[in-house]
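Student: Got a sequence here, can you model it:
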Amino acid sequence: MTINAHTPEPGAGDAVPAKAATIYDVAQAAGVSHQTVSRFLKGFQGIRPETREKVVRALDELGYRPNLTARSLKSGRSHRIGALTHEISKVGPSRVAEGASAAAREAGYVLDLVSLDVANPRAIEESLELITQHDLAGVLALSSTDEMTRAFETTEFRVPVYIDVEVDDTVSSHPSDLTTVGMPALVAHLADLGHRALVHIAGPATWSAARNRILAYETAVIGQGLRSIGILPGDWSARSGYEAVVALPRLPDATAFVAANDQMALGAMLALKERGCRIPDDVSVVGIDDIPESAYFDPPLTTLHIDFEAAGRLSVHKLLAEIEGTEVPQMVVPPPQLVVRRSSGAAPSR
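Tutor: This is a model prediction of the structure:
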């Protein structure tokens with residue numbers, strides 16, 4: 001959108017614009033040193049909570065905004081970060097992007113986000129060609145797929161790059177929290193309710209996140225001594241969860257469906273209801289992500305809460321460490337948390 005600005009003629013009644021606040025003004029208002037304010041703006045985590053609160057309050061009261069143009073001229077480098085992401089309409093990628101944008105802003109950078117068109121096979125290459133022509137401090141790949149990872153690895157960059165991709169648990173010696181904490185809790189919850197046979201609705205195979213969720217599911221099922229009746233294909237959308245169940249010639253001998261995300265769980269619930277199933281009386285359905293709407297599904301969805309924003313923040317801090325030649329701040333992404341609602345119930349006797 002283009003906005004046509006109108007500059008009025010100067011006159012005697014014109015107000016003198018207020019002088020923009022500096023970090024020295026913020027430091028004085030907060031009662032701290034300007035070095036402390038600078039460290040806060042760069043995302044440094046080793047600041048006492050009470051000090052951080054004072055700085056945040058002073059920033060808000062003074063309306064402080066970092067002058068990126070002046071900083072860039074003074075330092076001789078850009079304060080803009082280019083970021084690519086998939087499926088920005090989905091809750092997971094959008095929240096990762098929100099966390100990344102907030103972390104960049106707090107550190108005095110601007111995140112230029114490009115959402116890829118999944119229907120365009122050349123979208124990644126075209127977007128990389130575009131952003132590499134701009135003066136950037138660094139480039140970030142958020143919610144990366146296999147295709148995006150390969151494209152980043154084969155592109156020559158003049159600036160630091162960080163790829164936010166889940167380490168594939170099938171080859172990693174350090175499994176993710178989903179495999180070690182989240183999915184075991186979700187499957188144990190179903191086992192405690194008497195469920196012995198489960199079905200998984202998976203995400204797209206080109207996402208390491210989807211592969212990790214399959215592995216986490218299979219590992220947890222074995223760990224509880226349960227049976228997996230099968231794995232149905234999906235693509236993260238509610239439509240794919242619905243179609244996965246509709247495509248079954250008959251319902252499997254399972255008492256619970258474990259969807260790889262909440263949207264697919266929503267679609268599966270509708271399809272199961274259309275086939276005459278009562279949830280959770282006849283079959284339980286659980287998901288992963290804990291999207292805001294999951295508490296208002298019919299019935300409300302049992303799920304795993306994932307802190308996507310923290311993951312986005314961590315990605316930016318890792319990139320900033322490369323850009324500024326500093327240590328990565330000590331940050332911990334909270335592990336998945338089980339959220340029990342009414343879509344899971346006691347297994348029916350069969």
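Student: just the helices in this protein please.
Tutor: With DSSP state H as the criterion, the chain has helices at 23-30, 34-41, 49-62, 68-75, 91-106, 123-131, 146-153, 177, 183-192, 208-223, 238-246, 262-274, 308-324.
Student: Nearest to V286, out of those helices?
Tutor: The closest of these to V286 is helix 183-192. By C-beta to C-beta, the value is 5.9 Å. C-beta: built from backbone N, CA, C; applies to glycine.
Student: quick one: contacts of that closest one?
Tutor: Under the criterion C-beta atoms under 8 Å, 6 or more residues apart in numbering, residues 198, 213, 216-217, 219-221, 223-226, 256, 258, 284, 286, 288, 302, 304, 336, 338, 340, 344 lie in contact with helix 183-192.
Student: residues near I47, how many?
Tutor: Number of residues near I47 (other C-beta atoms under 10 Å) recorded here: 17.
Student: That one: what's it in contact with?
Tutor: Counting by C-beta under 8 Å, 6+ apart, I47 touches T36, R39, F40, V55.
Student: in this structure, which ranges drop under the pLDDT threshold?
Tutor: Applying pLDDT under 70 to the chain picks out residues 1-19, 42-45, 65-77, 118-119, 168-173, 350.
Student: domain parsing for it?
Tutor: Under the assignment named as automatic domain parsing, the residue ranges that make up the domains of the chain are 23-65, 71-165, 177-307.
Student: The first one: how far from the chain's middle?
Tutor: If you compare the mean C-alpha spot of domain 23-65 with that of the full chain, they lie 27 Å apart, counting by C-alpha atoms, centre = their mean, to the nearest Å.
Student: Now mean neighbour count too, for the helices of the chain, in CSV please.
Tutor: Putting these into CSV (neighbours: other C-beta atoms under 10 Å) gives the following:
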stretch, mean neighbour count
helix 23-30, 19
helix 34-41, 18
helix 49-62, 15
helix 68-75, 12
helix 91-106, 21
helix 123-131, 17
helix 146-153, 17
helix 177, 15
helix 183-192, 20
helix 208-223, 21
helix 238-246, 21
helix 262-274, 23
helix 308-324, 22
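Student: Could you dump those into CSV and include distance to P292?
Tutor: Below are the helices of the chain laid out as CSV (distance: least, C-beta to C-beta, whole Å):
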stretch, distance to P292
helix 23-30, 33
helix 34-41, 29
helix 49-62, 25
helix 68-75, 32
helix 91-106, 8
helix 123-131, 28
helix 146-153, 26
helix 177, 22
helix 183-192, 19
helix 208-223, 20
helix 238-246, 15
helix 262-274, 10
helix 308-324, 12
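Student: Figure out which of the domains of the chain is closest to E322.
Tutor: Counting by C-beta to C-beta, E322 lies closest to domain 71-165 out of the domains of the chain; the figure is 3.7 Å.
Student: hang on, the earlier thing: out of the contacts of I47, who's nearest E87?
Tutor: Using C-beta to C-beta, these come closest to E87 at F40, 32.4 Å.
Student: Report the contact partners of the spatially closest residue to the closest one that is not a sequence neighbour.
Tutor: Closest residue in space to F40, ignoring its immediate chain neighbours: V55 at 4.9 Å, by C-beta to C-beta, 6 or more residues apart in numbering. Applying C-beta under 8 Å, 6+ apart, we find V55 in contact with V26, A30, V32, T36, V37, F40, I47.
Student: For those residues, work out which two are farthest apart.
Tutor: When C-beta to C-beta is used, the two most widely separated members of these are V26 and I47, lying 13.6 Å apart.
Student: The residue nearest in space to the middle of the chain - nearest residue in space that isn't next to it in sequence?
Tutor: When C-alpha atoms, centre = their mean is applied to the chain, the residue found nearest the centroid is V96 (2.7 Å). Excluding its sequence neighbours, the residue lying closest to V96 (C-beta to C-beta, 6+ apart) is G312, at 4.0 Å.
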